[in-house]
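J.: sequence plus the predicted model coming up.
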Amino acid sequence: MQTLSDLTTLRLGGPAGRLVEAPDAESVVEEVRKADAVGEPVLLLGGGSNLVVADAGFPGTVVRVASTGIVTERRPDGSVLLTVEAGEDWDTVVAATVAEGLGGLECLSGIPGRTGATPVQNVGAYGVEVAALLESVDLYDRASGSTATVPAADLGLGYRTSVLKGSAAAVVLRVRFVLPGGGASMPIAYAELARVLGVDPGSTVPAAVAREAVLELRRGKGMVLAAEDHDTWSAGSFFTNPIVDAAPDPEMPRWPAGGRVKLPAAWLIQHAGFAPGHQGPGGRVALSSRHVLALTNRGGGRTEDLLELAREVQAGVRARFGIDLHPEPVLVGCAL
């Protein structure tokens, strides 16, 4: 029996009832349809980078999405339509576009996982979100058994969310992005990245230059996967940045968010008394030694250990600031 700890970046999770590999979109649909026909639970698995799976595992069918294919199409206005199969490794897609001299996705470099997950989470980093470039997705509707192309405007894309997140109703088969068509990056909106690049916020640089800077920043935070580095045995940022009506402390860093303010979860965690490397049960799990927003498996950990550490962090931030932190990864068979 396949253990899901072998297939997640946290290296946590119990056994799968049944694991099947789906090498193309048609296979994904077929496997999901077969499981639905007999009333078996289904878990769609890509790179396993945004999943926290219970120690008990998943009792149904795990469909590992392994479809590949990238197609670029130059449009009359000079922009480029990029069509990507859901199983393509995300950073491979970003690297390929940059290598072709296309800007747009460079700030999303180094993010682990498969392309099909990016619209579900509305993946974002360093001032750019998938929503800014997403054109449409092809979805398999499990209730009707039909496949349709759904425009980005109908996906309810918001901060690290969409109508697809937390719902098993539809399966992403492929994703389309519209890139500007030139070789310049998106305007550099993130202050830390602008400092590294030596430019003013709002400036652009060659996409390849921005990609390397983003990768350098992510490596420094333990956010680029490396088998020998336990700081990367994580699900990335474990908590989303909370959006509140007003910051409880006037000195607290913040960003505007549609009439409200977004607070940095990492700042809240550190100022609630949690230092990098803070250990959970038995030292088997810990906050990353480089970035307190990542909860990591130090070897020999269990999912319940990780959840206990997450609850401790939540409680500490709530007690210090009166703010609730919410998990960013998908929790499978478990809860905080």
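T.: The structure has been received and is ready for your questions. Computed from a predicted model, the values in this text were never measured in an experiment.

J.: who's in contact with the top helix by length along the chain?
T.: Counting by DSSP state H, the longest helix found in the chain is helix 303-321. Applying CB atoms under 8 Å, 6 or more residues apart in numbering, the contact partners of helix 303-321 are 10, 12-14, 52-55, 238-239, 248-249, 268-269, 271-274, 280-282, 284-287, 295, 297, 323-325, 327, 334-336. Placement of C-beta: from N, CA and C, glycine included.

J.: could you list which of those belong to helices?
T.: Using DSSP H, the contacts of helix 303-321 in helices are L268, I269, H271.

J.: count the residues that sit near P151.
T.: Number of residues near P151 (other CB atoms under 10 Å) recorded here: 11.

J.: for the closest residue to G300 other than its chain neighbours, what are its contacts?
T.: Of all residues not flanking G300 in the chain, R284 sits nearest, at 5.1 Å (CB to CB, 6 or more residues apart in numbering). Residues near R284 by CB under 8 Å, 6+ apart: N297, R298, G299, G300, G301, R302, D305.

J.: out of those residues, which are inside strands?
T.: Among these, the members falling in strands (DSSP state E) are N297.

J.: just the buried residues out of the contacts of R284, in PyMOL syntax.
T.: In PyMOL syntax, the buried subset of those is picked out as below (16 or more other CB atoms under 10 Å):
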select buried, resi 297+298+301+302+305
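
J.: if I look at the most far-flung residue of the chain relative to its centre, how far off is L179?
T.: Computed with CA atoms, centre = their mean, the residue of the chain farthest from its C-alpha average is P76, at 32.3 Å. In this view, P76 and L179 are 15 Å apart by CB to CB, to the nearest Å.

J.: please apply the same query to Q270.
T.: Distance, Q270 to L179, using CB to CB: 36 Å.

J.: next, the residue nearest to P112 when sequence neighbours are not counted: phi, psi?
T.: Once flanking residues are discounted, P112 sits nearest to S49: 3.8 Å by CB to CB, 6+ apart. Per-residue torsions, S49: phi -90, psi -10 (degrees, to the nearest 10).

J.: how many residues are close by S49?
T.: 19.

J.: cool, and the one 3 residues further on?
T.: For V52, the neighbour count with other CB under 10 Å is 25.

J.: report the beta-bridge partners for it.
T.: Beta-bridge pairing for V52 (DSSP bridges): L331.

J.: so what's it up against?
T.: For V52, counting by CB under 8 Å, 6+ apart, the contacting residues are 8, 10, 12-13, 235, 303, 306-307, 327, 329-332, 334.
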